[in-house]
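> attaching a predicted model along with its sequence, questions to come.
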Amino acid sequence: MAHTEATTGLYGLLVEFETPEQVVDAARKVRAEGYTAVEGYTPYPVEELFEALDHKRTILPVIIFLGGLFGFLGGYGLEYWASVLYYPMNIGGRPFHSWPAFVPPAFETTILLGSLTAAGAMLLANGLPRPHHPLFGVPAFDRATDDRFFLCIESTDPKFDRDATFNFLRSLNPHEVLEVPA
């Protein structure tokens, strides 16, 4: 049914709660029911919701580490190439390869490439830039940044059935259950 729902213009069902405890409890019940394409939206971080939705940790820390490592090796390599290989200058009898002097600039390139990698990978992982998301068309969703807590079950979920899912969400005693047009 997921493909039928997705092609008829329904993005999913959005359920609104008033407290973080309610949304966490509902998320646990939704996951226990077998739904997998579920996302939570809160005005501030709710760690229990992340755990209740059973989100997996991303590979982002590894990517950022590799970006920082590349920055360090690139910065140190550039200094080595310039000071030892390309334009060696013997000033005051110091060695061409003076690693203590190479560390601070290499540290700076580590931070630079690590942070640029983090920003770029985060944007790609979040699917940004995205000028429009179907949830933005639901007027009640404006309160997600103020004082309301939301769960959205997407119509692409294998278990999604418009009526059965709507009735299940209604049984969770939410403030409101809304359809999200695609």
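That came through fine. What you see is a predicted model, and the numbers here were worked out from it, not measured in a lab.
> all helices for this protein, in order.
In the chain, the segments counted as helices under DSSP state H are 2-7, 20-33, 47-52, 60-80, 99-125, 162-170.
> tell me how this structure divides into domains.
Domain assignment for the chain by automatic domain parsing gives 2-56+134-181, 60-125.
> in the chain, where is pLDDT below threshold?
For the chain, residues meeting the criterion pLDDT under 70 lie at 1-8.
> name the single longest strand found in it.
Using DSSP state E, we find that the single longest strand of the chain is strand 10-17.
> tell me the angle that strand makes with helix 20-33.
The directions of strand 10-17 and helix 20-33 differ by 140 degrees, with axes from the mean of the first three to the mean of the last three C-alpha atoms, to 10 degrees as the criterion.
> what's in contact with strand 10-17?
Applying C-beta atoms under 8 Å, 6 or more residues apart in numbering, the contact partners of strand 10-17 are 23, 26, 37, 134-135, 138, 140-141, 143, 148-157, 160, 162, 165-166, 169, 172, 174-182. Glycine gets a C-beta too; all of them are placed from N, C-alpha and C.
> on that earlier part again, single out the most deeply packed of the helices of the chain.
helix 20-33 (a mean of 19; mean count of other C-beta atoms under 10 Å).
> next, the angle from that one to helix 162-170.
Calculated by the same axes, to 10 degrees, helix 20-33 forms an angle of 140 degrees with helix 162-170.
> for residue 20, give its distance to residue 168.
Relative to residue 168, residue 20 is positioned 21 Å away (C-beta to C-beta, to the nearest Å).
> check residue 123 too.
As for residue 123, its distance to residue 168 is 34 Å (criterion: C-beta to C-beta).
> about what we covered before: parallel or antiparallel, list what pairs with the longest strand of the chain.
strand 149-154 (antiparallel), strand 176-181 (antiparallel) (DSSP bridges).
> which of the ones you listed is buried the deepest?
Each of those was scored by mean neighbour count; the highest is strand 149-154, a mean of 24, by mean count of other C-beta under 10 Å.
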